Every structure is written in structure tokens, then in C-alpha cells.
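[1] Just a sequence and a predicted model for now, questions to come.
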Number of protein chains: 2
Amino acid sequence: MAEPAVRDEKDRVRVFDTTLRDGEQSPGISLNKQEKLEIAHQLARLGVDIIEAGFPIASPGDFEAVQAIAREVHGPVICGLARANAQDIDAAWNAVKDSEQPRIHTFISTSDIHIKYQLESTREDVKGQARASVAHAKQYCDDVEFSPMDATRSELEFTAEVLQIALDEGATTINVPDTVGYSMPDEYAAMWEELYRLVPDLHEVVTSVHCHDDLGLAVANSFAGIRAGCRQVECAINGIGERAGNASLEEIVMLLRTREQAHGLWTGVETTEIARTSRLVSRLTGYQVQPNKAIVGRNAFAHESGIHQDGVLKERTTYEIMDATTIGLEANSLVLGKHSGRHALRKALEELGFKVEGAALNDAFKRFKELADKKKKVTALDLEAIVSDQMRETPAAFVLESFDVEASSTRSPLATARVRLPGGEISEGSFTGDGPIDAFFSALNAAVGYEARLKEYHVSAVTGGRDALGEVTVLIEYHGKTISGSGVSTDILEASGRAYLRALTNAIEESPVAEAEHHLEEAVHTPAP
Amino acid sequence: MAEPAVRDEKDRVRVFDTTLRDGEQSPGISLNKQEKLEIAHQLARLGVDIIEAGFPIASPGDFEAVQAIAREVHGPVICGLARANAQDIDAAWNAVKDSEQPRIHTFISTSDIHIKYQLESTREDVKGQARASVAHAKQYCDDVEFSPMDATRSELEFTAEVLQIALDEGATTINVPDTVGYSMPDEYAAMWEELYRLVPDLHEVVTSVHCHDDLGLAVANSFAGIRAGCRQVECAINGIGERAGNASLEEIVMLLRTREQAHGLWTGVETTEIARTSRLVSRLTGYQVQPNKAIVGRNAFAHESGIHQDGVLKERTTYEIMDATTIGLEANSLVLGKHSGRHALRKALEELGFKVEGAALNDAFKRFKELADKKKKVTALDLEAIVSDQMRETPAAFVLESFDVEASSTRSPLATARVRLPGGEISEGSFTGDGPIDAFFSALNAAVGYEARLKEYHVSAVTGGRDALGEVTVLIEYHGKTISGSGVSTDILEASGRAYLRALTNAIEESPVAEAEHHLEEAVHTPAP
């Protein structure tokens, strides 16, 4: 597992992270600009090569987030997605142009089923759109990526024709996606071999894989494409994305690293940032990682059976092919206590990669002190949780001032909640319910004067133990929109109230998701040039 | 996706489910006999070919569970695991012998790293043990499976020698595992091709794959082995198992089914039972399935982006390669209400696959009525949850009689809990804490007189909506043992209390897990014959 002294640049696989684009398209995920920036900064620390920061035409919120990332995040190429039309490409360019390394990624379907039913178009039109859009993007930007959507269900000769057109117009990266997660490794590799044969110019550009996990093969298909010659892999943290999601970044990166001696391929990822990145994305999206998830699951490095434990005690490598410290686990020994001051906190936060100053540092310090009063040892994981929680506060949000909840098995629970409204006034609501959470959320509805409906409710603990911080994630429905919110506290009710009010704030503000869908629907119904 | 009219028996892949053996070895999972039986019955309904029911030598609890499954579960082969020594094989045989189709599965490591560090033995001894153990098993049972552990890190020629010995002694299934999840698909397929060349007798028996998911390749490696000629796949529901787990049963089965026209391979699994089996295993093990998990994740069949939604509305197959009804989703339209009687409940439960009668039916009816008072519509998912919850009650358990919790943001929470002890008397405890859950669990500790430590706490909702049933899972530590418990209620505190008391009951009874490790450790240190 030692890294070889000299690596060949031609064997380097570029890591294209689409957590903020394909990942953010998962149901119930709605990250705001600040959250997206936080993830993008962490992706830069992780050392990904390209960040697909969003789909700028989809909504003003998406546009602004991509623009902020292009301006503030240094290191990786910053990429914006665009359908194959001038309007989308203009928006993508305007969003990414301030990056040191901007990229426009444009795509159009090449499968007959998409062309006929979704685009309601023809193969000739698709070719024309591909040509015009790559040429248009190329006017702005040298770095242009093109994808034939649903390629694995397309007639290969037609896909090859479209790719040749994109190459003729100057596309520098060609990505051939398995959009519906239908392919098998040998089949996907054979597709690439045939494409290389039909389109020899592909040898002159970077080729890229983008695989979905519907049949559990996203990583294997991506790897098969890489073995067939591709040197860019599109993937997402924790494997999030449409339906069963994309290839997991952490799995593909650790596969390349762990078996480098066998295949010779490598990436520039700083693997010790993997665990932290996974926690951040899980926390901000509300998407839990299952305990048995490869690399980043709670148990990925745990050994349970007597036989395995015995073996690991005798010699670690009997049952371990990776070292937990390689992905940044067990590395954070940092611990603060109730006597730690503001300076120690700022230093600790810096070590964790957070730059917190001014009012934000004051707020973080206040939360830290409250926590240190309750918890003897405040660990790196705790700090990470409270600071991320803090960063999600926006000025317009409803703020939970105080609450009282009486719950009993012998009578209905009663909750009273006081909420500071955006204008500054305090509003109170009281309610009963089936359980304490139900009563509390009804009281919050009464206090803010909105009727949202709870769809999902999850609680998990940040660290072990009785005084652990609890993280609550809620998914609410409000006027047909589904919006998530999360909150952190040692008190499950306080965390629940914060999560619910945050979701409500997001829902009531014109939500990016809802707008995006409106725009997309319009755009899809208006055939692009 | 239509099934072909005539399928070739030689293309049939046997599904060997190891949820109850390798899956149950996951940290914090400790199923009791009744829970294992419930899962085994559901696996029979799912139509798996072989159930690996446990590791009988590991503990008396494990032995009894395997024996009960062998006696009561009809249809699949019932298999018990045994290391390569007479004592293990005797225990395995005694546990499975009452099955209509018993199997003994014996294994020994062939990798030098395992032989040297774990077994502290030699290659010659390994060959001798393999020969003696298969011969010993064969005295009892015609159906004998042999596995060379850690085969993918073994010298192939040595593995081949050991396999030839197992075949000479009459092994009928040869399973070659990727124990540490290290292999890559092409490599695993090449290993099989070479083994077939070195050991031509392998063509006369069933060959089997067993792959772990440490690098995210368990399904792909299993599939590569099947393509190379194997006709048994070892897998687990939701992909649970040691570390990152085994190949997911649902992924491999749906891969074979969805792409049958391309590869011609098939299984006998009744796919419409997949979703229910996944929920049952998730509930009883406390292992959540992540939303973006292939096939059984909440989002596997959801479409979020405007483009995808638009496409699916126009023509489902634009973005869907499988139909949700194929795995048993959206099929349960069954709904009961507060006026439904005992007869309707029993019929509904039968439709769901539960045979509930007598006192158990009375208890289930009581819980159903309580729920129907709070929830207008009681769905199939709700019934599943309360009946599984009910089935976990054991007579010796501590029972939550009643509780009162006062929580507030302005003063410390106070909880009082009354618990019925095994002897029948009621004990009361009161406590304050950092939050309402902390206070409540401390009150429960005070009531029962034991000091357990909370390690993990999770809540999720069974169905959507404010009046949803909440499922709480806790992991507690008691005298160095880690034990889980879960509970279901519309009231999160009630569900939490049930979960905590169940975990405490399990912890205080001599726990199977702890005993198993003790036995194994002893056995591992005593070189087997």
C-alpha cells in the first residue's frame, strides 16, 4: 500500500466530484449557498480535480451558489452544467467565469427512447444541438466537457457520430454516462473499446465515466471504464445522487489506492480527508450513511466475530486491507474542556478546517461553552457538529427561543414553544399531540402561523455516550414542496425544534428546488435551439 | 424484462443467504431465537435456495436458533457453519440434522498470512484438517460445502490442492471466498478460470462465490464469478455482514433478473418479497438502509430533477430500468381503521405473512386498537412494525409500565419511569439529565437497578406523516458487552423506553454474542485436530 516513488502522469485518474450537482438532485436535499460553499471548500481540501458545482440555469439560487464557489474556492476546476442550448450555456458560463479554472459541461441524450419521448426530437436535431452547443461553449471557455446522456442505451454508432461532432467543435473532455445504471462492467468496457475504435480522436482528449448504482455496479462499471482508458471518474461523496446514486468517490478512490500495485492507476486525492468529508455531506444533506457502507460506514473498520477479532489482534492484515488512519479515522485526538478559551477554540476549529471569526466565532464559542458545561470532553466530532450547525443559521430564520414539553404515558403530551419571528417579535404556540414531538411541532406551527406537514424524522448521535450531541433531521412538506432541515443539541427536543424551524424557513423562502423544477419544466417544454 | 418461457436449469444460480450467519456477525446485532426464526421464515417465502442459519458451536443460543430453523423452516436447504474440526462439525450436524435438507459448511484458511499468524499452523496441517473435516462431515450428511478462507490472498496452487482434497472426500459445493474484500472483478474471474484448469473435478460440483464489499465491489466480483461458471452466490439482505458486509442479495438478484436477456442467468427468488424482507432485517437488526442504497433504499425508485421527472411522466422507461412493483413496493394497499375487528386483523396479518394466534393475536389486537385510535389509517407497513415489535417481547423482559417526562429549555428535564420487573413487582425511578432522553434512560436505570451506558441512539419513522410510528434503536454497553434493542410507538419516548429496556434485558441475560466470542477465542487458541 506504500505509494510508489515515481508515478506516471498518464496513469493519473482525475476525480470529478458531482456531490453538489447530481448529489444535490436527491429527493429532500436542498442545500443553501453557504452549505454548498462549505462542501466545496472541503472538496478542495480533499484534493478533487474538478467540482461540478451545480446547474446554473436551474434557479437563481443555484446560479449564485455556483458563482460563489467559482469565486471563492481555489484549486479544483469549477464546472457548471448546461443542457445543449445557448441559454443554459450562457448561464453556466456566467456562473463559472470568475474561477481560475472554469469548465462548461454540456449534454444531450443520444438514446432513441430519450430522443423520442423526452426531447420529442430527432437524431438530426440532436447532432445539430450538440454541434451548436459545444461551439457556443467554446467561444467562452477552452475547457468544455460534453456528455451523450443515456449513452449505454444508445445505438453506439450514433453516439460515436455525436462524439465526433463534439470533438470537431473542440470538446476537451468526453464523458459517456450510464445514466440509468443499466450497464455491466464487461459491457461498459466493451462500449469504450468500440468507441475508441470508431472515434480515434478520443485518444487526444480526456475520456470520463459517470455511472449510476441502480444494480449495485456503479464503482465496478467506473473501474471497468478506467481500465479501458478513461482518465476522469465522475462520482459523489457517500454515493449520493439520482435514485440509487452515483459511484461513491471514497470507494473508487480507495479501490485505486489499495490496489495500485496491481493496476498502476492513481488519483491526487488526500485520502485522510475522506472521513471528514463524508460526515460533512451526511450532516448537511441529512442523508445517513448505513453502518455497512464501504469505507465510510461505522463498521467498515470494525471486526465482530471472535475469529476475526482474534486474527486482527495477532496481525492486523489478517482481516484488514486498509488502515483506518488512511481515510482520516482515529486521527482526531483533539479534545477541549470547559476551561478552554476562545483562542483554543479558534485554533481547534482551524485544525478542523473551519475559518471562524468575528460574530460567528462568538456564537460558536457560546455554543461550545454550553456544550462544555454538559459534556466533560468536547471532541473534534462535537466541534464539527456544532460549527456546521451554527453555519446553517441564516438571518431570516425563525429562531427557537424556548419550549416546555410535558409528556406522559397516562395523558396527552402538551407542548409550548416560543419562536422569534424574522421581524424580531416573539410568538408563542401551545398544542397537544400523539407524542411529544408531534405536540412540539404542532406548537411550532401555531407559533409561526404556518401549517407544514412532517414527512420524515430521524435522530442520530454525533458521538457515543449519554451526553452525546443528537442530530435531528426532518423532512417536511409545505405547499407540495419537500424540504429538509437539521439541528444539533444534547437535548433531542431542542435539536428537533431547530431542525423543524430551519426546514420551515427554507420552505417559506422561495425554495431553490421548487424554482428549479419550474424552470426546468418550462425549458424542457420549449425545445432548445 | 419479461421472463423467458423456457429457462435452462444449468443457468440457474442458487441463492445462499448468510444474513443469519455472516450478517449477524455485524457489530451490535444480536438476534434472539425468535427473531432469527422470523427472518428464516421470510427468507423461505423469498425463495432463497440455502439458508446459512448460524454457527452452532459459537454458543448454546446460536445452536438452538439453528436447530429451531432446521425443524420449523421448510423449503430451503438449512446450513450450519463449522471450522475444520470434529467438535465444530458435530455441533453443526446436531443443529441441522432435523432439516429436510441439511447441509454442513466447513472452512479453513489457505492464505499464508492466516496460516502463519492466525492458525499458527502449516500448509501440511491445513491439508490434513481439510481432508479430515470433509470426511467427518460426509459421515453425517451428503450435502457438504467446503470453503478455503481468504482464498483471494492465497497461493492459487495451494488452494487448488486443498480443493482437490475436499472434492476427493466428497464435498458437493466448493465456495471460494474473497474474505477481506480485496479482489477486483477481472482478477476474481481469472482466479476461477485458473482453478477450473487446475482442478477439473470442480466441473462436477456446484461452485460458489462469497464476496465482501470493502472496496465496493462485492456485487461485481460475485457477478464475475458467476459469469466464470459459479452457480451459487452467497449474499445477505441489505448487504450486511463483517465490516462493509457481504454482496447484497437484492442487488445480485435484481442484476440477474434485469439483465437476464443479456447473460441468460436466473434465480428462483420471488422478487416481490424483496422489499418486505429488507424492512424486516433492517428492523430486527437495527441496521438502517441508506436512502441511496440500490434496490431497497428509500430513493431507489424516486426521481428528483425536473428533467428526470419530466421524462418519467412522458415515458416511464426513460429513467427506470426496473418497476417498483417487481420488488414488492407499492403493492400493499391494505389499510385498516379503528372499526376493523380481530378477524380483519388476523386476515391482514396473514396476507403480510404473519401467523399470529391466541394470546399473541390478543396482544397484537390491543396494540392495533391503540394505534387506530391515534392514526386514521393503519397501513400494511404499520402492522408489520407493531407485530414485529410485539414478537420481540420475551417473558423475562422488563416492561415499561408508565412514564412522565417534563422537558424545558429553561430548566433541567425531569423523568419518572415505572417498570414491571421480571418477578412482577413495579419499580419506580426518577432522574434529571442533559436532555429528556438522557433523563428518561437514567430514570429507567434507577428503576431497574442496573447502570448501562448508552452508546448509540437512532430514530426513524415507519411511514410518513405526523402520526407516524417511530422506531427507536439503541445500542447500550453493559459490562463491556454492546447490545442493541428497538421499540416502536407513535410516542418517541415510549418507543425509546421500550428499546432501552429490551437492550437491557438482552444485556443482563447471558448474551449469545458474548458467549460466542468466549467460545471462539477458546477454540481458536486450542488448535483443532
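    Yep, that arrived.

[2] ok, now which ones touch A:Ala137?
    When contacts are counted by CB atoms under 8 Å, 6 or more residues apart in numbering or on different chains, A:Ala137 touches A:82, A:89, A:92-93, A:104, A:106, A:144. Where C-beta positions appear, they are placed from N, C-alpha and C, glycine not excepted.

[3] Beyond the helix or strand hosting it, next helix or strand please.
    In the assignment (DSSP states H and E), A:Ala137 maps to helix A:123-140. Using DSSP H and E, the next helix or strand after helix A:123-140 towards the C-terminus is strand A:144-149.

[4] quick one: strands adjacent to that next one?
    With DSSP bridges as the test, strand A:144-149 is paired with strand A:102-109 (parallel), strand A:173-178 (parallel).

[5] Just the C-alpha atoms of the first one, please, in CSV.
    Okay, so that is strand A:102-109. In CSV, the C-alpha atoms belonging to strand A:102-109 read as follows (Å, rounded to 0.1, in the frame of the first residue of the first chain):
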residue,chain,number,x,y,z
PRO,A,102,-13.7,27.4,-15.3
ARG,A,103,-15.3,24.5,-17.2
ILE,A,104,-18.7,24.2,-19.0
HIS,A,105,-20.3,20.8,-19.1
THR,A,106,-23.0,20.4,-21.7
PHE,A,107,-25.0,17.3,-22.5
ILE,A,108,-27.8,15.9,-24.7
SER,A,109,-29.4,12.5,-24.9
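
[6] and that strand, what's its mean pLDDT?
    Per-region confidence: strand A:102-109 scores 98 on mean pLDDT.

[7] Can you give me the buried ones in it?
    Neighbour-count burial for strand A:102-109, counted by 16 or more other CB atoms under 10 Å in any protein chain shown, picks out A:102-109.

[8] which sections of the stretch 201-350 of chain A are below the confidence cut-off?
    Low-confidence segments of the stretch 201-350 of chain A (pLDDT under 70): A:303-305, A:330-334.

[9] ok so, going back, who wins for proximity to B:Ala190 among the strands paired with strand A:144-149?
    Relative to B:Ala190, the nearest member of these by CB to CB is strand A:173-178, separated by 24.2 Å.

[10] just how off-centre is the closest one within its chain?
    The chain centre lies 20 Å from the centre of strand A:173-178; the measure is CA atoms, centre = their mean, to the nearest Å.

[11] got the contact list for the very next helix or strand once past that strand?
    Once the chain leaves strand A:173-178, the next helix or strand it forms, by DSSP H and E, is helix A:185-198. Helix A:185-198 has contacts (CB under 8 Å, 6+ apart) with A:151-152, A:156-157, A:159-160, A:163, A:176, A:178, A:183, A:202-203, A:207, A:209, A:211, A:217, A:220-221, A:223-225, A:227-230, B:185, B:220, B:223-224, B:227, B:262.

[12] So which of these are in helices?
    Judged by DSSP state H, helices contain the following of the contacts of helix A:185-198: A:156-157, A:159-160, A:163, A:220-221, A:223-225, A:227, B:185, B:220, B:223-224, B:227, B:262.

[13] Need the buried ones from the residues you listed selected in ChimeraX.
    The ChimeraX command for the buried members of the ones in helices among the contacts of helix A:185-198 (criterion: 16+ other CB under 10 Å) is given here:
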select /A:159,160,163,220,221,223,224,225,227 /B:185,220,223,224,227
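
[14] how many neighbours does the closest residue to chain B within the stretch 251-400 of chain A have?
    In the stretch 251-400 of chain A, no residue comes nearer to chain B than A:Gly306, which is 2.7 Å away by CB to the nearest CB. A:Gly306 has 23 neighbouring residues, counting by other CB atoms under 10 Å in any protein chain shown.

[15] now it: how far from B:Asn85?
    Distance of A:Gly306 to B:Asn85, given as CB to CB, to the nearest Å: 15 Å.

[16] What of A:Ser486?
    Noted for A:Ser486: a distance of 51 Å to B:Asn85, by CB to CB.

[17] Same question for A:Val15.
    The gap separating A:Val15 from B:Asn85 is 48 Å, by CB to CB.

[18] More neighbours: which of the two?
    A direct count of neighbours by other CB under 10 Å for A:Val15 and B:Asn85 places A:Val15 higher, at 24 against 20.

[19] surely A:Gly268 meets A:Leu46?
    No. Applying CB atoms under 8 Å, one finds A:Gly268 not in contact with A:Leu46, separated by 9.8 Å.

[20] So those two - more neighbours on which side?
    Higher neighbour count among A:Gly268 and A:Leu46: A:Leu46, with 27 against 15, using other CB under 10 Å.

[21] That one and chain B, how far apart?
    Applying CB to the nearest CB, to the nearest Å, the value for A:Leu46 to chain B is 18 Å.

[22] How about that residue, nearest residue that isn't a chain neighbour?
    Using CB to CB, 6 or more residues apart in numbering or on different chains and skipping the chain neighbours, the partner closest in space to A:Leu46 is A:Glu273 (4.3 Å).

[23] What parts of the stretch 101-250 of chain A come near chain B?
    Proximity of the stretch 101-250 of chain A to chain B, by CB under 8 Å from any CB of the partner chain, involves residues A:113-114, A:117-118, A:150, A:179-182, A:184-187, A:213-217, A:219-221, A:223-224, A:227, A:238-245, A:248.

[24] Any chance of a ChimeraX selection covering the buried ones in the residues you listed?
    Applying 16+ other CB under 10 Å to those leaves a buried subset, and the ChimeraX line that selects it is:
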select /A:113,114,117,118,150,179,180,181,182,184,185,186,187,213,214,215,216,217,219,220,221,223,224,227,238,239,240,241,242,243,244,245,248
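
[25] Can you give me the end-to-end span of stretch A:328-342?
    One end of stretch A:328-342 sits 26 Å from the other (CA to CA, to the nearest Å).

[26] Same question for stretch A:295-306.
    In terms of CA to CA, the two terminal residues of stretch A:295-306 are separated by 22 Å.

[27] Contacts for that stretch next, please.
    Outside stretch A:295-306, the residues within contact range by CB under 8 Å, 6+ apart are A:238, A:248, A:250-251, A:254, A:274-275, A:278, A:289-294, A:309, A:311-312, A:319-320, A:322, A:324, A:327, A:329, B:25-27, B:58, B:214, B:216, B:242-245, B:516-521, B:524.

[28] cutoff 6 Å now
    For stretch A:295-306, the external contacting residues (CB atoms under 6 Å, 6 or more residues apart in numbering or on different chains) are A:250-251, A:254, A:278, A:289-292, A:309, A:312, A:319, A:324, B:25-27, B:243-244, B:517, B:520-521.

[29] list the buried ones in stretch A:475-490?
    Buried residues in stretch A:475-490, counted by 16+ other CB under 10 Å: A:475-478, A:481-490.

[30] so where do the strands sit in the stretch 201-350 of chain A?
    Along the stretch 201-350 of chain A, the segments classed as strands by DSSP state E, counting those that start in this stretch run A:206-211, A:232-235, A:335-336.

[31] relative to strand A:102-109, how tilted is the first one?
    Computed by axes from the mean of the first three to the mean of the last three CA atoms, to 10 degrees, the angle separating strand A:206-211 from strand A:102-109 equals 60 degrees.

[32] Just the CA trace of strand A:206-211, in CSV.
    Only the C-alpha atoms of strand A:206-211 are listed here, as CSV (Å, rounded to 0.1, in the frame of the first residue of the first chain):
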residue,chain,number,x,y,z
VAL,A,206,-9.7,13.1,-21.6
THR,A,207,-12.4,10.5,-21.5
SER,A,208,-14.7,10.2,-18.5
VAL,A,209,-17.0,7.7,-16.8
HIS,A,210,-20.3,8.6,-15.0
CYS,A,211,-22.1,5.5,-13.6
